[in-house]
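Enquirer: what's the 3D shape of this:
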Amino acid sequence: YPNPKVDQFAETRFYRPGDNYLTINGDDLNVGAMERDIKITVGGVDCQLTALARKVLTCKPPTEKPDLEGGVQPEVMVKIGNVNYNIGQLSYDSPSLTSGILLVILICAIAMLLCLFCLAIMYRRKTNSHQRQMKYLKTQMDTIEMKF
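Expert: Numbering: from 1, shown residues only. Okay, the predicted model is just below:
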């Protein structure tokens with residue numbers, strides 16, 4: 001039988017309440033092993049195996065984050081026979097905004113502030129222009145009245 005291969009997570013996976021299953025990808029997962037030969041743990045707590053196929057393992061992770069020292073995220077471990085695989089972390093924290101999204105938000109906020117600043121300057125200039133024109137017209141009217 002070929003040895004099973006378990007794919008590591010590309011990045012930290014996030015557990016969301018209501019997301020009842022954890023899917024683990026690989027190859028030849030059920031070729032030389034049966035369900036009783038496979039054990040999956042999340043931070044040392046059993047993740048109950050619910051489905052086994054050639055390329056996919058599915059288990060039901062604990063609903064609450066396992067207690068670990070230092071507040072680290074729990075590691076997902078897969079044991080097939082006598083071979084252990086550390087495939088990554090399952091975070092129970094909500095995913096934070098990435099720096100790219102924060103940068104886009106910051107740039108949009110700065111652009112909006114610049115637009116507001118430009119509008120305020122244009123309004124002020126227009127108001128001053130009207131006031132100067134009114135003063136000029138008033139002096140014109142006063143001079144015309146003085147002539148009569």
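Enquirer: which intervals of the protein have sub-threshold pLDDT?
Expert: Along the chain, segments meeting pLDDT under 70 span 95-98.
Enquirer: Can you pull the domain assignment for this structure?
Expert: What the record gives for the chain is the domain set 5-91, 97-148, from automatic domain parsing.
Enquirer: in this protein, which spans are strands?
Expert: Assigned by DSSP state E, the strands in the chain fall at 5-6, 13-14, 22-27, 38-42, 45-46, 48-52, 56-60, 75-80, 83-91.
Enquirer: before we move on, the earlier item: let me know which of the domains of the chain is tucked in deepest.
Expert: Of the domains of the chain, the one with the most neighbours on average (mean count of other Cβ atoms under 10 Å) is domain 5-91, at a mean of 15. Backbone N, C-alpha and C define where each C-beta goes, glycine included.
Enquirer: Can you get me the start-to-end distance on that one?
Expert: With Cα to Cα, to the nearest Å as the measure, domain 5-91 spans 23 Å from end to end.
Enquirer: Please apply the same query to stretch 71-81.
Expert: 30 Å.
Enquirer: hmm, who's touching that stretch?
Expert: If you take Cβ atoms under 8 Å, 6 or more residues apart in numbering as the criterion, stretch 71-81 is touched by 4, 6, 9, 12-13, 22, 24, 29, 32-33, 37-45, 47, 57, 65-66, 68, 84-93.
Enquirer: Could you pull up the contacting residues of residue 46?
Expert: Applying Cβ under 8 Å, 6+ apart to residue 46 gives the contacts 39-40, 62.
Enquirer: Repeat that for residue 50.
Expert: Listed by Cβ under 8 Å, 6+ apart, the contact set of residue 50 reads 21, 58-60.
Enquirer: Skipping adjacent residues, who's closest to it in space?
Expert: Setting aside the residues directly before and after it, residue 50 is nearest to residue 58 in space (Cβ to Cβ, 6 or more residues apart in numbering), at 5.0 Å.
Enquirer: Touching, that neighbour and residue 21? I think so.
Expert: Yes. Between residue 58 and residue 21 there is a contact under Cβ atoms under 8 Å: 5.2 Å.
Enquirer: ok, now which ones touch residue 31?
Expert: Residue 31 sits next to 1-2, 4, 54 when contact means Cβ under 8 Å, 6+ apart.
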